[in-house]
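> this one's structure only:
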């Protein structure tokens, strides 16, 4: 199982960004998927999850409105779009496997991609 | 949204035993919260240790175990090793939403 995030970088406040996660080594469409973030020196925060087929989406209360999770099973890819970026969105964003018939949730983690929001 | 609480820091001697706990502001933690535990070392991504309260992944060292203790989820480390020094996070599920605890910094000294 391999999860590789990309799309992070330095962004100005108010801007938008789409993070990507390329999955390999497993049957991607069979797995729910998650995004988890970690601000510098802080703890982990669950952001959002999406079912294997993409029909069910869940968001933590703090991440409703500006954060949009999506997936493309044909491309084995997971996405997170963040709108109206704020300084406090500065964090490492991790792509994390969800549950499936083969594996429990949160078993596999990518290395993360750093989003820095600053003027 | 519930708040999940963990001890900010704990210290254990090499070879010793320590228990980390994970509580919920909404009441007792049960197996229905599917407690998870993760280990994170500086500069690394978190690594899953325990799922669904007391189940270990294939890579989880046998010295780690999960349980319920006094209305909280618990992670017990028996026979601490220097490489177990890390931050430990629990995660609880609330009807499809998930909440992490603030983390426990475990020192092996």
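The structure has been received and is ready for your questions. Nothing here was measured: the structure is a model prediction, and the numbers come from that model.
> What distance do you get for the most centrally placed residue in chain B to residue A:13?
Taking CA atoms, centre = their mean, the centroid of chain B lies closest to residue B:37, which sits 4.0 Å from it. Per CB to CB, to the nearest Å, residue B:37 is found 35 Å from residue A:13. No exception for glycine: its C-beta is placed from N, CA and C like everyone else's.
> Give me the helix or strand of chain A that scores worst on average pLDDT.
Among the helices and strands of chain A, strand A:57-59 carries the lowest confidence by mean pLDDT, DSSP states H and E, at a mean of 94.
> and the helix or strand just after that one, how far from the chain's centre?
Next helix or strand after strand A:57-59 toward the C-terminus (DSSP states H and E): strand A:67-72. Mean-position distance between strand A:67-72 and its chain equals 8 Å (CA atoms, centre = their mean, to the nearest Å).
> Can you tell me the strand partners of the helix or strand just after strand A:67-72 and which way each runs?
Under the assignment DSSP H and E, the closest C-terminal helix or strand after strand A:67-72 is strand A:77-82. Strand pairing for strand A:77-82, determined by DSSP bridges: strand A:17-24 (antiparallel), strand A:67-72 (antiparallel).
> Tell me which of those lies nearest to residue B:85.
Set against residue B:85 and scored by CB to CB, the strands paired with strand A:77-82 come closest in strand A:17-24, at 29.4 Å.
> quick revisit: what sits closest to the residue nearest to the centre of chain B if chain neighbours are left out?
Leaving aside its chain neighbours, residue B:37 sits nearest to residue B:50 (4.0 Å; criterion: CB to CB, 6 or more residues apart in numbering or on different chains).
> try residue A:18
Closest residue to residue A:18 apart from its sequence neighbours, by CB to CB, 6+ apart: residue A:81 at 4.7 Å.
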